[in-house]
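*Asks:* below is the structure, and that's it, no one-letter string:
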């Protein structure tokens, strides 16, 4: 069956849908694209066209303090496992605390649990988690080598984005985990995780391919594995990010 040409309206519709699903505040359009009724979408070097600047959704997030409040992650879990600081406790099946090496040098942080995570009480166990496992294997690591957590510990209804009030109440739990684990590197998975941790509204495309810092810890932002499942073309960029992450991690392990 012959594929119909994609007109200008359809091209923008697809671009905007991609923006929403990837959580990016940008639409990527080739500067060579000709806007005609017969224009076709092709892979070309992108030109970033800014649409809007999102509001300061996460400005109320608490700052990390120097000393841990708890003696261990287990003590922290026991203290917060019945957390009811925000309304999400009313709809959760299980609180999703985190998993991995308690003294990991590398920590991966997503935005919030999904359906499978809510049912099992473990982060990244669905299809996106299985892809993350394969990514770890590709850089010679496993879940036993790293620590995996989320900004939120409870699943938002219908996997919607975290609300500012939920972030304000839940982020201190993650910050305490970071203080207890003391990772040497952090990888933020997805726009929302990166923006919350860095307290910025900068789009994902501009957060990538550079090192940031959170409380003295180097941080990289890359695509969320769920985005890679919907848009496999981003796997190439994610692989470049992972190689840079592993190179920096190996360097720090030598010191």
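*Replies:* Looks like it arrived, so ask away. If you're wondering where the values come from, they're calculated on a predicted model, not measured in any experiment.

*Asks:* from now on I want contacts and neighbour counts done on CA atoms only, so please keep to that.
*Replies:* Will do.

*Asks:* spatially nearest residue to residue 234 (excluding sequence neighbours)?
*Replies:* If the residues on either side of it in the chain are set aside, residue 234 comes closest to residue 228, at 5.9 Å by CA to CA, 6 or more residues apart in numbering.

*Asks:* scratch that, residue 177
*Replies:* Excluding the flanking residues, the one nearest residue 177 by CA to CA, 6+ apart is residue 73, at 6.7 Å.

*Asks:* what about that neighbour, how many residues close to it?
*Replies:* 18 (other CA atoms under 10 Å).

*Asks:* what residues does it make contact with?
*Replies:* Contacts for residue 73 (CA atoms under 8 Å, 6 or more residues apart in numbering) come out as 102, 177, 180.

*Asks:* hmm, back to that, may I see the buried residues of the host helix or strand of the residue nearest to residue 234?
*Replies:* Assessed by DSSP states H and E, residue 228 sits inside helix 225-230. For helix 225-230, a neighbour-count test (16 or more other CA atoms under 10 Å) marks 225, 226, 227, 228 as buried.

*Asks:* thinking again about what came up before, tell me the spacing between the residue nearest to residue 177 and residue 215.
*Replies:* 19 Å (CA to CA, to the nearest Å).

*Asks:* now do residue 170
*Replies:* From residue 170 to residue 215 the distance is 18 Å (CA to CA).

*Asks:* cool, residue 185 as well?
*Replies:* In terms of CA to CA, residue 185 sits 11 Å off from residue 215.

*Asks:* ok, back up a step: counting contacts, what elements does the helix holding residue 228 pack onto?
*Replies:* Judged by 3 or more CA pairs under 8 Å, 6 or more residues apart in numbering; DSSP states H and E, helix 225-230 is in contact with helix 127-138.

*Asks:* list of residues touching whichever helix or strand comes after the helix it packs on?
*Replies:* Counting by DSSP H and E, the next helix or strand C-terminal to helix 127-138 is strand 147-150. Outside of strand 147-150, the residues within contact range by CA under 8 Å, 6+ apart are 97-102, 104, 106-113, 123-124, 174, 193.

*Asks:* so residue 116 touches residue 125, yeah?
*Replies:* Yes: the pair formed by residue 116 and residue 125 meets the contact definition of CA atoms under 8 Å, at 6.4 Å.

*Asks:* neighbour-wise, which of residue 170 and residue 215 wins?
*Replies:* Set residue 170 next to residue 215 and count neighbours by other CA under 10 Å: residue 170 wins out with 21 against 15.
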